[in-house]
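Peer 1: Sequence isn't available, so here's the structure alone:
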């Protein structure tokens, strides 16, 4: 049986060395990601999954107050250029999940709208934040990018959640994550 670290290595692709790049700021591009994680270029929906995956591979986020997940600005960054794009909420949505057994126990593995998989763990935790005037869970992905948990995944998790003193928790591996309060 593999460890959680081995599962992370298996599922999560290595991120490029964006932190070491010194690209030129090139303003903004007419690229927008709407609240349903649909990508648009010049107002036209982009349907080529390969193009979206390419852009997502160089997507990064900066927050006004560091790791507070507030005041985000999104950029497509290459070694030569950095351009800002518009994102209505977050660029990704968690659409499904499964359980994988590892040495540390049962781990929840989610799948986002680009068919990438992420283990729910301390490296990729849940946070709760406001969306449409409700507190809902989001998953923190690589580089601080967020993925909103879809409504149907949330309701499936609600059935699995453990209640403790009015708070509802998900257990994944040896860790627990606040689902709702």
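Peer 2: Right, received. Where do you want to start? Note that this is a predicted model, so its numbers are computed, not measured. Numbering: from 1, shown residues only.
Peer 1: can you give me the helices in the chain?
Peer 2: Remark: helices assigned in the chain by DSSP state H are 4-11, 49-57, 151-160.
Peer 1: so what does the shortest one touch, helix or strand wise?
Peer 2: Helices and strands in packing contact with helix 4-11 are listed as strand 92-102, strand 105-112, strand 117-119; criterion 3 or more Cβ pairs under 8 Å, 6 or more residues apart in numbering; DSSP states H and E. Where C-beta positions appear, they are placed from N, C-alpha and C, glycine not excepted.
Peer 1: now these as CSV including distance to residue 137, mean pLDDT and mean neighbour count?
Peer 2: Below are the helices and strands packed on helix 4-11 laid out as CSV (distance: least, Cβ to Cβ, whole Å; pLDDT from 0 to 100; neighbours: other Cβ atoms under 10 Å):
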stretch, distance to residue 137, mean pLDDT, mean neighbour count
strand 92-102, 9, 97, 17
strand 105-112, 11, 97, 19
strand 117-119, 13, 97, 20
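Peer 1: now for those, which one comes closest to residue 150?
Peer 2: strand 92-102 (5.4 Å; Cβ to Cβ).
Peer 1: Name every strand pairing with the closest one and say which way it goes.
Peer 2: Here strand 92-102 has these sheet partners by DSSP bridges: strand 105-112 (antiparallel), strand 146-149 (parallel).
Peer 1: still on that earlier bit, any chance of CSV for the helices and strands packed on helix 4-11, columns distance to residue 48?
Peer 2: Putting those into CSV (distance: least, Cβ to Cβ, whole Å) gives the following:
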stretch, distance to residue 48
strand 92-102, 17
strand 105-112, 17
strand 117-119, 21
